[in-house]
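Visitor: Pasting a predicted model and its sequence here:
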Amino acid sequence: MKINVPHIAKLANFPLSTEELKKFEIQLEETVKHVESLSTVKTNGIEPTSQVTGLENVTREDVAKPSLTQEEALSNTKSKHNGMFMVKGIFENEA
């Protein structure tokens, strides 16, 4: 399976050198092959599970408290517009 690494890098706004593109293409192809090989594992009669350790998430109570102002949140950004972060478009018809 050929993976279009340059396209993925463009969507992620992640510039890669030619060497990096080749390296990641090889790594992603190996990963996909490994995942595809999992389809050959016999799983008949095996109960589905999403948790095997018996551990549970311990989370804190969700309590509202003061946070950054909009001005503080935007203070370190290079690009902002109308009080929001401005990022490059990832779709072909966006600038």
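Guide: Arrived safely. Numbers count the residues shown, from 1 in each chain.

Visitor: any idea of the mean pLDDT in the top helix by length along the chain?
Guide: Secondary structure assigned by DSSP state H gives helix 18-37 as the longest helix of the chain. Mean pLDDT, computed over helix 18-37, is 93.

Visitor: Would you mind writing the CA trace of the next helix or strand after it as PDB?
Guide: Proceeding C-terminally, helix 18-37 gives way to helix 70-74 as the next helix or strand, assigned by DSSP states H and E. Output in PDB follows, covering the C-alpha atoms of helix 70-74 (Å, rounded to 0.1, in the frame of the first residue of the first chain):
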ATOM      1  CA  GLN A  70      -9.500  36.200  25.600                       C
ATOM      2  CA  GLU A  71      -6.700  38.800  25.500                       C
ATOM      3  CA  GLU A  72      -4.400  36.600  27.600                       C
ATOM      4  CA  ALA A  73      -5.100  33.500  25.500                       C
ATOM      5  CA  LEU A  74      -4.300  35.400  22.300                       C
END
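
Visitor: mind listing what the most far-flung residue of the chain relative to its centre touches?
Guide: Most distant residue from the mean C-alpha position of the chain: G45, 33.2 Å away (C-alpha atoms, centre = their mean). Under the criterion of C-beta atoms under 8 Å, 6 or more residues apart in numbering, G45 has no neighbours. (Glycine included, C-beta is placed from N, CA and C.)

Visitor: Distance of it relative to L38?
Guide: In this view, G45 and L38 are 17 Å apart by C-beta to C-beta, to the nearest Å.

Visitor: Output the contacting helices and strands for the longest helix of the chain.
Guide: helix 5-11 (3 or more C-beta pairs under 8 Å, 6 or more residues apart in numbering; DSSP states H and E).

Visitor: pLDDT below threshold where in this protein?
Guide: 1, 93-95 (pLDDT under 70).

Visitor: what residue lies at the spatial centre of it?
Guide: By C-alpha atoms, centre = their mean, the chain has its centre lying nearest to A12, at 8.7 Å.

Visitor: Perfect, I'm done here.
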